[in-house]
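> give me the fold of what follows.
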Amino acid sequence: MIVDQINTTKNKELLNLKGVGPKIASKLEKLNIFTQDDLLFHLPSRYEDRTSIKSLNSLKIGESSLIQGKILSSQIKIGNKRSLIVQISDNSSIINLRFFYFSQSQQNSFISNKTLRCFGEVRRGPKSLEMVHPEYQFVEENESLVENGYLTPVYPIVDGLSQKLIRSLASDLLKKLQTNKINIPNLIPTSLCTQFSLINIQHAIAELHQPIPKTNLQKIYEFKDPAHIRLIFEELLAHQLSIRKIKLSAKKKSSPRFKTPKDLLALFYQSLSFDLTNAQIKVVDEIKNDLSKNNPMLRLIQGDVGSGKTVVAMAAAIHAIANGWQVAFMAPTELLAEQHFENISIWANKLNIKCIWLSGKVKGKTRTQTLKDIETSNSQIVIGTHALFQEEVNYAKLGLIIIDEQHRFGVDQRLSLSNKGSSSITPHQLVMTATPIPRTLAMTAYADLDLSVIDELPKNRQPIETSIIPSIRREEVIQRVFKACQQGRQVYWVCPLIEESETLNCQAAELTAKNLSLTLPDLNIGLVHGRLKTKDKSSAMQDFSSGKINLLVATTVIEVGVDVPNASLIIIENAERLGLSQLHQLRGRVGRGTTKSHCVLLYEGKLSNIGKQRLGIMRDTNDGFLIAEKDLAIRGPGELLGTKQTGLLQLRIADLQRDQYLLSKISQASQIMIEKFPDHIDPLINRWLKGKTKYHNV
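Got it, this is the predicted structure:
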């Protein structure tokens with residue numbers, strides 16, 4: 001399993017720092033700070049200019065400024081909320097300092113004619129400008145500034161840590177860095193720094209912690225300054241190298257070499273009711289080439305919903321089976337795995353291929369027999385969920401792994417299945433996703449995989465027309481459903497996502513099905529949700545596929561894999577709650593035949609700006625790759641790739657969307673590092689990943 005490997009002895013470095021005891025060290029750990037290096041890479045989120053004192057008559061509302069003046073008065077005001085008001089003047093004007101929380105001793109310290117130096121945000125008060133709870137100190141009238149001529153950093157912190165402490169710790173470390181008492185090595189070789197215009201890493205860190213007053217803060221806040229670019233480049237390079245190491249390691253392993261089974265493939269293609277698209281033929285050829293070699297295929301197939309990835313996967317499986325090897329086909333949900341089993345079984349039966357099913361719900365004697373069939377080669381294709389890689393499952397001769405909806409599995413799960421091969425043989429891997437991955441992510445997150453794209457839909461497919469309708473027009477939508485069913489078509493009604501509760505989602509689906517049954521008594525209405533028994537789900541899906549059910553009410557369990565060509569209308573309730581990729585996947589349940597299809601996005605209340613943006617994109621395009629790019633911009637890579645459970649791409653400074661302009665250079669740099677500077681690779685990966693993503697056993 002991939003886990004954060006935290007060496008508890010690391011924070012000994014922190015305990016050696018002035019002001020850090022066990023309690024402070026534990027607080028720093030919450031910021032992922034365990035070492036002195038971690039502290040130096042914990043960068044400010046913004047800066048304050050405390051390098052000069054501003055006169056009170058030059059202050060601007062909304063700006064944070066350093067001011068100084070003599071106390072004129074100090075008094076408690078009783079209004080909506082009790083507060084202490086301290087009035088100060090610098091002869092140019094006056095300003096009030098307002099404190100809602102104060103002690104008696106604090107109140108007593110504000111003595112007339114004492115000089116205060118304060119920093120805070122200027123705002124409009126009832127009678128004059130004021131600062132609320134400013135930072136302050138008592139000083140002598142002509143006391144010089146103690147700041148060292150740089151902008152004051154403001155750091156991300158947690159409860160129990162103060163800005164003053166973090167600033168002090170960072171400042172002490174920077175002094176040690178400048179006097180060579182500590183060192184941050186330049187892990188990118190000098191020649192590469194010159195080639196890609198990267199500044200020295202120590203200079204970069206110093207400039208980001210302590211920028212001089214004339215620094216262009218706009219560039220810093222946009223992460224376009226040379227210091228940020230150096231660190232962003234290095235972090236993305238470390239991720240790129242870590243993933244390329246996987247591929248290089250895998251390519252050194254042995255896999256079975258498959259000859260192309262021309263006769264069996266021809267028989268398979270003849271059994272289909274359609275011709276393969278040019279894009280499918282191209283991808284099958286790429287797979288054939290991979291499987292003809294004796295090192296592992298590691299290939300990702302991207303294809304929009306309905307582009308025919310499963311047919312391509314079956315062609316790959318036939319290569320393995322014809323050469324005497326087993327195939328494991330893994331899907332993330334039981335419903336999707338069942339759909340694959342039903343579809344693939346139809347093809348397999350025509351070709352006399354033994355296809356079996358395994359999930360966590362297969363129990364007792366059936367499970368015992370299934371496990372025996374897998375172990376004795378009395379099965380050629382094993383289809384199921386994550387149950388396929390459980391410890392008790394042993395394959396007789398596993399030669400190919402096919403994984404659908406790759407982004408829903410953790411990297412560790414993918415590797416667990418790969419390790420089901422024999423000790424000397426590594427199975428080929430084919431992973432698929434119907435969530436188109438922007439090139440930005442593919443270059444970085446899947447650098448270990450060769451990429452194939454099915455960018456062509458089958459002939460006669462028509463684009464789906466999408467409309468956005470408020471829920472107050474629900475009755476109108478229901479009549480549209482009735483009309484579609486009267487015309488012999490079938491309809492999906494997808495129920496809202498209610499927080500993250502499967503129970504509540506299922507209850508909502510049951511209530512919706514009940515209400516629709518009362519409103520539309522002439523229709524046969526089915527129900528599918530995650531808490532139904534497997535046989536009940538299968539029965540409902542079978543009845544819908546065969547046309548016995550007119551309207552299928554479902555939760556988002558039908559997001560992928562369900563293929564009913566006669567379904568031409570889908571209603572998605574509370575569409576504003578779902579991400580673009582999920583909406584696109586759900587919409588892809590229709591438009592799988594030759595009839596014009598429609599998607600209705602129902603929303604509740606007033607749409608937020610992001611809600612308007614999401615639904616507008618869905619209305620305007622059916623292009624899954626464009627939608628994925630927009631989704632990346634809105635949600636970020638973690639959600640889009642499902643990487644929160646994998647540890648992959650949990651970036652500290654870089655941002656794939658913002659920094660994608662650097663990726664081609666980083667790809668070049670990673671190749672040069674592998675060829676010319678292999679000794680620099682592990683230290684660089686260690687600096688940024690710290691052992692969090694150990695997937696070397698691909």
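> which residues of the protein score low on pLDDT?
Along the chain, segments meeting pLDDT under 70 span 1-11, 146-148, 406-417, 436, 438-445, 496-505, 559-561, 635-649, 691-698.
> can I see the domain layout of it?
12-47+153-222, 52-146, 262-454, 465-621 (automatic domain parsing).
> what about the third one, distance to the chain center?
Centroid separation for domain 262-454 versus its chain: 24 Å, with CA atoms, centre = their mean, to the nearest Å.
> measure that domain end to end?
For domain 262-454, the first-to-last residue distance is 22 Å (CA to CA, to the nearest Å).
> cool, the last one as well?
Across its full length, domain 465-621 reaches 9 Å between end residues, using CA to CA.
> whichever strand or helix holds Ala238: which residues count as buried?
Assessed by DSSP states H and E, Ala238 sits inside helix 226-251. Under the neighbour-count criterion of 16 or more other CB atoms under 10 Å, helix 226-251 has 227-247, 250 buried. Backbone N, C-alpha and C define where each C-beta goes, glycine included.
> now do stretch 612-629
Judged by neighbour count using 16+ other CB under 10 Å, the buried positions of stretch 612-629 are 614-615, 617-618, 622-629.
> what do you get for stretch 274-281?
276-277, 279-280.
> go on, stretch 367-383?
Buried residues in stretch 367-383 (16+ other CB under 10 Å): 367, 370-371, 373-374, 379-383.
> same question, stretch 183-190
184, 186-189.
> how about the closest residue to Ser55 other than its chain neighbours, what does it touch?
Leaving aside its sequence neighbours, Ser55 sits nearest to Ser92 (CB to CB, 6 or more residues apart in numbering; 4.5 Å). If a contact means CB atoms under 8 Å, 6 or more residues apart in numbering, then Ser92 has 55-58 as its contacts.
> now do the same for Ser92: helix, strand or coil?
Of the three states, Ser92 takes coil according to DSSP: H, G, I helix; E, B strand; the rest coil.
> cool, the one 3 residues further on as well?
When states are read from three-state DSSP, the local structure at Ile95 comes out as strand.
> again, but for Gln657
Gln657 ends up coil, using three-state DSSP.
> with Asn180 instead?
coil.
> about what we covered before: which one of the contacts of Ser92 has the most neighbours?
Leu56 (21 neighbours; other CB atoms under 10 Å).
> and the nearest residue to it once chain neighbours are set aside, what does it touch?
The spatially closest residue to Leu56, leaving aside those adjacent along the chain, is Ser93, at 3.8 Å (CB to CB, 6+ apart). By CB under 8 Å, 6+ apart, the residues touching Ser93 are 55-57, 59, 129.
> quick one, phi/psi of Ser93?
phi -170, psi -180 (degrees, to the nearest 10).
> and it, how far from Lys77?
Ser93 sits 20 Å away from Lys77 when distances are taken as CB to CB, to the nearest Å.
> what of Leu17?
To Lys77, Leu17 is 43 Å away according to CB to CB.
> these two: who's more crowded?
Leu17 (17 against 12).
> quick check: Gly69 touching Leu116?
Yes - under the criterion of CB atoms under 8 Å, Gly69 makes contact with Leu116 at 6.4 Å.
> give the residues shared as contacts by the two.
By CB under 8 Å, 6+ apart, the residues touching both Gly69 and Leu116 are Ile88.
> quick one, which of these two is more surrounded?
Legend: neighbour count by other CB under 10 Å for Gly69 and Leu116, higher for Gly69 (22 against 19).
> three-state assignment of that one?
Going by three-state DSSP: Gly69 is strand.
> pull out the buried residues from stretch 66-80.
66-69, 71, 74.
> quickly name whichever of these is closest to Asp448.
Leu66 (51.3 Å; CB to CB).
> would you double-check that that closest one falls in a helix?
No - applying three-state DSSP, one finds Leu66 to be strand, outside a helix.
> how close does it get to Leu151?
11 Å.
> what of Asn566?
65 Å.
> more neighbours, the two?
Legend: neighbour count by other CB under 10 Å for Asn566 and Leu151, higher for Leu151 (22 against 15).
> show me the contacts for that one.
Leu151 touches 47-51, 210-213, 215, 217, counting by CB under 8 Å, 6+ apart.
> just give the closest residue to it, not the sequence neighbours.
Tyr47 (4.0 Å).
> so in terms of bridging, what pairs with that neighbour?
Note on Tyr47: beta-bridge partners Pro153, judged by DSSP bridges.
> name the helix or strand for Phe119, please.
strand 115-121.
> parallel or antiparallel, which strands does that strand pair with?
Partners of strand 115-121 in its sheet, by DSSP bridges: strand 64-77 (antiparallel), strand 135-139 (antiparallel).
> which residues does the next helix or strand after that strand contact?
Note on strand 115-121: by DSSP H and E, the next helix or strand toward the C-terminus is strand 123-124. Applying CB under 8 Å, 6+ apart, the contact partners of strand 123-124 are 61-62, 129-132.
> and of the residues you listed, the nearest to Leu298?
Gly62 (53.5 Å).
> would you map the strands across the stretch 501-650 of the chain?
Along the stretch 501-650 of the chain, counting by DSSP state E, counting those that start in this stretch, strands occupy 525-528, 551-554, 567-572, 598-603.
> take those strands and write them to a markdown table, including mean neighbour count and distance to Leu516.
Shown next, in a markdown table, are the strands of the stretch 501-650 of the chain (neighbours: other CB atoms under 10 Å; distance: least, CB to CB, whole Å):
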| stretch | mean neighbour count | distance to Leu516 |
| --- | --- | --- |
| strand 525-528 | 22 | 6 |
| strand 551-554 | 27 | 6 |
| strand 567-572 | 25 | 10 |
| strand 598-603 | 22 | 13 |
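> same list, those strands, but as TSV with distance to Gln326 please.
TSV is the format used below for the strands of the stretch 501-650 of the chain (distance: least, CB to CB, whole Å):
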stretch	distance to Gln326
strand 525-528	31
strand 551-554	33
strand 567-572	34
strand 598-603	39
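> out of those, nearest to Asp172?
strand 598-603 (53.7 Å).
> and that closest one, which strands flank it?
Partners of strand 598-603, by DSSP bridges, with direction: strand 465-470 (parallel), strand 567-572 (parallel).
> pull up the gap between Thr310 and Ile454, please.
Relative to Ile454, and taking CB to CB, Thr310 is found at 11 Å.
> brain fart, Ser608
Distance of Ser608 to Ile454, given as CB to CB: 34 Å.
> thanks a lot, see you next time.
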